[in-house]
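Colleague: Predicted model and sequence follow; I will ask about them next.
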There are 2 protein chains.
Amino acid sequence: MVAFHEAVGASLGVTAVDQRALAVIMGAGSVSAGELAREIGLTPGAVTGVVDRLVRAGLARREPDLEDRRRLVITAVPGAFGDTFAGLSKAMAELTDRYTPAEQAVIADWVANTIGVLREQTRILTEERASPPSRR
Amino acid sequence: MVAFHEAVGASLGVTAVDQRALAVIMGAGSVSAGELAREIGLTPGAVTGVVDRLVRAGLARREPDLEDRRRLVITAVPGAFGDTFAGLSKAMAELTDRYTPAEQAVIADWVANTIGVLREQTRILTEERASPPSRR
DNA sequence: CAATTTAGTTCAGCATACTGAAATATCCAC
DNA sequence: GTGGATATTTCAGTATGCTGAACTAAATTG
């Protein structure tokens, strides 16, 4: 999965951080540059580069905020990200079809729970790193 | 999953490439530096750095090859990598216990097939990039 | 045992992406 | 309106990791 993720990034010319940023953008619908900076833990200056690369890759757009003209609203380009995953989506859909509805329910439940576990473990690892004796 | 992977890397002071290298080492049991270079697509010079970081993180060891003293045998330190995943392993084991053996079989089958799909899609993405109009 | 090949490391040069600070534009309070 | 706060960009400086070439050591060939 990680290898696939890296291949996607290389194919689009975006970094791992950029992809996480895109996930944030898609999750929130749209965000400002400042919100994005806070969300992914970068300085505003770095976010400019992140958004530049996403825009260049055709994955996101910068649009003016009509209510506050200092702000930019960053949105994902509908479909653009999906295109990259078209092959994966198709293959996964075919795989899913090979299971009965009951089996699919079990798998879906397990996947949801696994996501929860990973989220929790990521949080623990990240917090562990914030406080104790520095490693490296 | 990708976020967890990144957190592990940050926690250990190793890069994403380093972790892929470690996966290769563990998969093969042990490899020489040259084999590792070919496997992960880096020059021998870069592999020195990769192995340096893995050794510093306590994840791998450099050992002399008794048969060919130019060579180094690189092995994973047993358990060291597992320690980092102790929390994840425990949580996943507990999750697994919540399913019946039949359900576990379905999940295992689906996971195996999903890995196959991801491998295949990664290969396609990687190859696509090798030939056609350059993207960036 | 000399000449060539192979394994790995070291090092200089280069690319990339981040930080922090300065600059620009806009909003808001008085 | 004027003054201060806020949003984003630009830019110089820095860190990291890669490539390619030179170097050392050991194996292989004739």
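Modeller: Okay, I see it.

Colleague: where's the one residue sitting closest to the centre of chain A, which helix or strand?
Modeller: The geometric centre of chain A, computed from its C-alpha atoms, lies nearest to residue A:23 (C-alpha atoms, centre = their mean), at 2.4 Å. For residue A:23, the element it lies in under DSSP states H and E is helix A:16-28.

Colleague: can you check residue A:83 too?
Modeller: In the assignment (DSSP H and E), residue A:83 maps to helix A:80-84.

Colleague: So for that helix, what gets flagged as buried?
Modeller: Residues of helix A:80-84 classed as buried under the neighbour-count rule (16 or more other C-beta atoms under 10 Å in any protein chain shown) are A:80-81, A:84. All C-beta spots, glycine's among them, are computed from the backbone N, C-alpha and C.

Colleague: Now cross-check these against DNA strand D and list the overlap.
Modeller: Near DNA strand D, judged by C-beta under 7 Å from any atom of the strand, there are no entries from the buried residues of helix A:80-84.

Colleague: Partner strands of the following helix or strand past the helix holding residue A:23, with direction?
Modeller: Following helix A:16-28 in sequence order, the next helix or strand is strand A:30-32 (DSSP H and E). Sheet neighbours of strand A:30-32, with direction, are listed as strand A:72-76 (antiparallel) (DSSP bridges).

Colleague: which residues touch the worst-scoring helix or strand of chain A on mean pLDDT?
Modeller: The least trusted helix or strand in chain A, going by mean pLDDT, DSSP states H and E, turns out to be helix A:80-84, with a mean of 79. Outside of helix A:80-84, the residues that reach it under the criterion C-beta atoms under 8 Å, 6 or more residues apart in numbering or on different chains are A:8, A:11-12, A:22, A:26, A:58-59, A:89.

Colleague: Just the C-alpha atoms of that helix, please, in PDB.
Modeller: Presented in PDB, the C-alpha positions along helix A:80-84 are these (Å, rounded to 0.1, in the frame of the first residue of the first chain):
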ATOM      1  CA  ALA A  80      -8.700  14.500 -11.100                       C
ATOM      2  CA  PHE A  81      -7.500  12.400  -8.200                       C
ATOM      3  CA  GLY A  82      -9.900   9.700  -9.000                       C
ATOM      4  CA  ASP A  83      -8.500   9.300 -12.500                       C
ATOM      5  CA  THR A  84      -5.200   8.300 -11.000                       C
END
